[in-house]
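[1] here's a sequence, model it:
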Amino acid sequence: MQSSLVYHAGALGDFITTLPAMSAWRAFHPRERIILLGKAAYGDLAERGVFNEVWEAGSLPFAPLFGAGPDPGTALRDRFRSMRSALLFCSPSSPLATNLGLLGVAEIVRQDPFPAEKVPIVDYHLSLFSGLAKTATDRIPHVRRSEPDIVVRPGTVALHPGSGDRKKNWPLEKFEELAGRLTSEGSDVRWVLGPAEDGFVLRGGSPAWRAVPLLHLAARLSACRLFVGNDSGIAHLAAAGCPAVTLFGASDPDVWAPCGPQVKVIRAPGTLASLSGEVVFAACRDFLRR
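    Just a heads-up that it's a prediction; the model follows:
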């Protein structure tokens, strides 16, 4: 059986925004065995059938793919013998495309991970497939979820106060104030905390989901009544499965807003510190009353 490679080794949110394009690649290569070269924990999030296998991009056997040597070597030639096509999300300076060509990969499609123009990121990736009829549903990343590992109570609101960049964070004290107001109105608030929230000290109150594996977290979030968070990978994960309020300051929501069936973007008038808690609470209340 012929095989096809998809390469993406970026951050969680960036990976989730490529899922619609990866599904389209699968549609155009229905008879090929598709292998993701990337991060295994992220590859598990793709819906079943998109990938047949996941190879960890950072592992030693694949290091020659990213070097500038004259030949990737015999071991890789054997591994890539049946590979005929590749979809690469990487910069033009990466030697990956050249090395895959040396390995005999005939069809190589490459796209810069980030758009040069202001365009929604999901649409940017889907622009690779100009002949594909795209519906609103096609634009939503389809995220696989594990079986629920806990019971999430009806009316649960998940709050994620962090991101990969502190400049993109609404102040923690404002999140805590929001948690108090939501709790007082009957919501069951849960904090979502992971590596990006190391050092965050919450002042008691609502329990937290700490360092939950992504497949379990996706299942929990999809059972929530609402998610509130900054521009982050977790926001993209949540928006694919539940109503989401996302807060933007330093980054541009015209490009990076999560794509989902019910997403409310709130753009700060300046820095995120200037964003009023009343504005965010009003957006939450609007979702919770539907």
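[2] biggest helix in this protein by residues?
    helix 12-28 (DSSP state H).
[3] I'd like the next helix or strand past that helix.
    Helices and strands here follow DSSP states H and E; after helix 12-28, the next one along the chain is strand 33-38.
[4] spit out the contact partners of residue 261.
    For residue 261, the contact set (Cβ atoms under 8 Å, 6 or more residues apart in numbering) comprises residue 140. The C-beta positions use only the backbone N, C-alpha and C, and glycine is treated the same way.
[5] go again with 10 Å.
    136, 137, 140, 239, 240, 241, 242, 243, 244 (Cβ atoms under 10 Å, 6 or more residues apart in numbering).
[6] which stretches of the protein form helices?
    Under DSSP H, the chain gives helices at 12-28, 40-43, 74-79, 96-102, 121-126, 136-139, 172-184, 214-222, 233-239, 253-256, 277-288.
[7] tell me how far the longest one is from the chain's mean position?
    Just to be clear, that refers to helix 12-28. 10 Å (Cα atoms, centre = their mean, to the nearest Å).
[8] and the angle from that helix to helix 214-222?
    Put simply, helix 12-28 runs at 100 degrees to helix 214-222, going by axes from the mean of the first three to the mean of the last three Cα atoms, to 10 degrees.
[9] ok, residue 148 touching residue 220?
    Yes. Counting by Cβ atoms under 10 Å, residue 148 touches residue 220, with 7.2 Å between them.
[10] those two: who's more crowded?
    Neighbour count, other Cβ atoms under 10 Å: between residue 148 and residue 220, residue 220 has more, with 25 against 12.
[11] burial of the spatially closest residue to that one that is not a sequence neighbour, as a residue count?
    In space, residue 220 comes closest to residue 152 once its chain neighbours are excluded; the distance is 5.5 Å by Cβ to Cβ, 6 or more residues apart in numbering. Counted with other Cβ under 10 Å, the neighbours of residue 152 add up to 19.
[12] now do residue 152, the pLDDT please.
    Looking at residue 152, its pLDDT stands at 95.
[13] now do residue 133
    We have a pLDDT of 66 for residue 133.
[14] shift numbering so it begins at 44
    All set: I'll call the first residue 44, so the last point we hit is now residue 176.
[15] quick one on the thing from earlier: what residues are up against the residue nearest to residue 263?
    Contacts for residue 195 (Cβ under 10 Å, 6+ apart) come out as 201, 231, 233, 252, 262, 263, 264, 265, 266, 267, 268.
[16] if I look at the last one, how far off is residue 326?
    Here the criterion is Cβ to Cβ, to the nearest Å. By it, residue 268 lies 14 Å from residue 326.
[17] who's in contact with the closest residue to residue 302 other than its chain neighbours?
    Nearest-residue entry for residue 302: residue 165, 4.7 Å, with adjacent residues in sequence omitted and distances by Cβ to Cβ, 6+ apart. Residues near residue 165 by Cβ under 10 Å, 6+ apart: 59-64, 177, 181-184, 279, 298, 300-302.
[18] circling back to that earlier point, how about the longest helix of the chain: buried residues?
    Within helix 55-71, the residues scored as buried using 16 or more other Cβ atoms under 10 Å are 55-69.
[19] what is the nearest of those residues to residue 218?
    Comparing the buried residues of helix 55-71 against residue 218 with Cβ to Cβ picks out residue 56 as the nearest, at 19.0 Å.
[20] nearest residue to that closest one in space, please, no chain neighbours.
    residue 276 is the one closest to residue 56 (Cβ to Cβ, 6+ apart), at 3.6 Å.
[21] which residues touch the one you found?
    Applying Cβ under 10 Å, 6+ apart to residue 276 gives the contacts 53-60, 85, 203, 206-207, 237, 239, 257, 301.
[22] in space, what's closest to residue 277 - neighbours in sequence excluded?
    residue 203 (4.9 Å).
[23] distance check, that neighbour against residue 148.
    For residue 203, the distance to residue 148 - Cβ to Cβ - is 39 Å.
[24] higher neighbour count, those two?
    Ranked by neighbour count (other Cβ under 10 Å), residue 203 and residue 148 place residue 203 first, with 29 against 19.
[25] any idea of the mean pLDDT in stretch 118-138?
    Rounded mean pLDDT across stretch 118-138 is 93.
[26] first-to-last residue distance for it?
    18 Å (Cα to Cα, to the nearest Å).
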